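Okay, predicted coordinates and the sequence, questions at the end:
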Amino acid sequence: MKLSILTILSLLTAGLVRAQTQPTDLTLPGDLRTLIQQANTNYPVLKQQQQLIQAGEVRVDIARTAMRPQVNLNGSYTYITPVPSVTFPINGTEAVLKLAPNNNINGNVSVGQTIYDFGRTDAAIKQAADNVQILRRNFELTQQTIGYQVAAAYYGIGYLQQAIIVQDSVIRTAGANVRLLSQRLQNGDALPYDVLTQQVRVKASTNRKIELQNQLERQIAQLTFLTGNANIDISQAAQQFKLGMTTAAVSLFDVNGQLQSAAAGNKEVLLAQDRVKAAETDILVTNKAGMPNFGFSGTAGYKNGYPLNVEQLRSNVAAGVALTIPLYAGKRYQLQNQAAQLNLNASRYAVETANAQLRQNIALLNADIRSNQTRLANLETQVLQSRQALDIANARLRNGVITNVELQSAETGVEEAELGRLTFQYQLLLNQLELKRLLGESL
């Protein structure tokens with residue numbers, strides 16, 4: 001089976017395989033948990049979303065203030081001329097009596113408070129709280145995604161380290177054959193072409209190793225970006241990769257029997273359900289928008305303009321209640337309610353879409369698991385056969401009864417079988433991680 005190295009390694013940058021499994025006993029190593037904690041602490045997007053959550057909580061408090069009193073200190077000065085006046089004789093002289101002052105002064109403290117608004121404030125508070133819940137769910141989803149990206153990169157590093165070990169074995173075998181053929185060339189038992197062919201084999205294997213090392217450096221850079229740690233510890237990654245692919249069995253997921261339990265924890269489904277609740281609250285808010293408002297207002301201060309001495313400042317106190325009943329707003333409230341209802345319908349369809357996507361992902365993963373497990377079982381036999389074939393080829397080479405084509409075919413068979421087995425083991429390990437993600441488990 002001919003495997004493309006680039007195809008194998010593209011799995012490392014494509015993210016987790018879209019698949020689903022039954023619950024497994026995959027246990028994360030301590031150094032991986034440390035890296036995930038560092039990502040949760042340092043990743044900028046998570047910090048941004050935490051700030052948005054705090055801002056949303058403040059908006060809830062802002063909505064609550066609608067039922068609290070508002071107190072203001074007011075002051076005004078207005079100069080008016082001319083002002084109305086009355087002229088009348090007093091003791092033979094004409095006196096002028098102003099009916100309004102030229103200098104109008106008014107200073108007071110005003111108090112206003114809504115007494116009852118027929119549920120508008122409660123609806124606004126609920127709307128703000130629903131928005132905070134959506135922000136929190138987005139935070140949980142991002143945190144979960146980052147955790148699984150860290151895990152995929154960590155196990156990808158272990159996979160690449162194991163692949164490099166396989167490639168080093170191929171290079172050593174090909175190098176030994178070069179030395180053997182060089183000795184035979186000196187004895188006249190081999191051709192220069194035979195030596196050159198094996199040297200090309202060494203160079204090609206070395207180039208593949210360089211490619212693997214490049215992919216390893218890219219994975220380390222990805223892990224550094226996610227965790228914010230420039231000195232990540234990957235010394236145990238290869239060992240943990242081998243341990244992870246052998247400690248937990250992967251089995252097919254019961255799509256019909258356990259889909260509901262999977263949906264109950266799936267972050268995407270829960271987010272869609274939260275948006276439905278928010279859309280229902282939006283309808284409540286629009287229904288309350290046209291309700292009456294009953295409130296109290298009062299002022300206490302000083303002003304002038306009182307007859308008969310209009311210039312004199314006097315105490316001024318006023319208090320009262322007001323009832324406002326909207327009668328007509330050009331169908332604004334009806335149109336707002338219609339838009340909110342359409343948004344609710346769209347949100348409900350989004351829940352159906354999320355559930356359908358979950359079912360699809362489970363079905364696709366079941367197919368992947370069956371395929372990977374079958375091919376892995378076949379590769380176990382192929383690895384055993386290729387190793388035996390290489391042993392026979394090396395023995396025949398020492399006895400001088402093999403062609404270079406046969407020898408290269410034997411070496412290529414071992415390399416492809418070993419790398420193929422590692423690849424399918426890696427995919428099954430990702431299947432176990434994907435199970436936890438789809439079930440809503442945090443790493």
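Happy to help now that I have it. Residues are numbered from 1 along each chain as shown.

what residue ranges in the stretch 1-150 of the chain are flagged as low confidence?
Where the stretch 1-150 of the chain drops to pLDDT under 70, the residues are 1-26.

again, 50 this time
1-24 (pLDDT under 50).

where do the strands sit along it?
Along the stretch 1-150 of the chain, counting by DSSP state E, counting those that start in this stretch, strands occupy 70-79, 85-90, 93-98, 103-116.

Throw those into TSV and include distance to residue 235 and mean neighbour count, thanks.
Where C-beta positions appear, they are placed from N, C-alpha and C, glycine not excepted. As requested, the strands of the stretch 1-150 of the chain are exported to TSV (distance: least, CB to CB, whole Å; neighbours: other CB atoms under 10 Å):
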stretch	distance to residue 235	mean neighbour count
strand 70-79	63	10
strand 85-90	98	9
strand 93-98	95	10
strand 103-116	65	15
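
got JSON lines for those, with distance to residue 167 too?
Rendered in JSON lines, the data for those read as follows (distance: least, CB to CB, whole Å):
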{"stretch": "strand 70-79", "distance to residue 167": "74"}
{"stretch": "strand 85-90", "distance to residue 167": "107"}
{"stretch": "strand 93-98", "distance to residue 167": "104"}
{"stretch": "strand 103-116", "distance to residue 167": "75"}
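
closest one to residue 351 among the ones you listed?
Put simply, out of those the one that sits nearest residue 351 is strand 103-116, at 35.7 Å, with distance taken as CB to CB.

what number of residues lie near residue 395?
11 (other CB atoms under 10 Å).

Can you give me the pLDDT of it?
Among the per-residue scores, residue 395 shows a pLDDT of 79.

Residue 340 too?
pLDDT, the model's per-residue confidence, is 95 for residue 340.

is it fair to say it lies in a strand?
No - assessed with DSSP: H, G, I helix; E, B strand; the rest coil, residue 340 is helix; it does not lie in a strand.

any idea of the pLDDT on the closest residue to residue 418 other than its chain neighbours?
Counting by CB to CB, 6 or more residues apart in numbering, residue 166 is the residue found nearest to residue 418 once chain neighbours are left out, at 4.4 Å. Residue 166 carries a pLDDT value of 84.

Following the strand or helix carrying residue 166 in sequence, what is the next regular element?
With elements delineated by DSSP states H and E, residue 166 resides in helix 120-187, which encompasses its position. Note on helix 120-187: by DSSP H and E, the next helix or strand toward the C-terminus is helix 192-227.

Just give me the residue right at the centre of the chain.
Here the mean C-alpha position of the chain is nearest to the C-alpha of residue 142 (CA atoms, centre = their mean), at a distance of 2.3 Å.

Count the neighbours of residue 277 for me.
Taking other CB under 10 Å as the neighbour definition, residue 277 ends up with a count of 16.

Equivalent analysis for residue 421, please.
Residues near residue 421, counting by other CB under 10 Å, number 19.

and the closest residue to residue 346 other than its chain neighbours, how many neighbours?
The shortest distance from residue 346 to any residue other than its chain neighbours is 7.8 Å, reached at residue 279 (CB to CB, 6+ apart). By other CB under 10 Å, 20 other residues sit near residue 279.

Whichever strand or helix holds residue 279 to helix 120-187, inter-axis angle?
Applying DSSP H and E as the criterion places residue 279 in helix 267-289. Following axes from the mean of the first three to the mean of the last three CA atoms, to 10 degrees, one obtains 160 degrees for the angle between helix 267-289 and helix 120-187.
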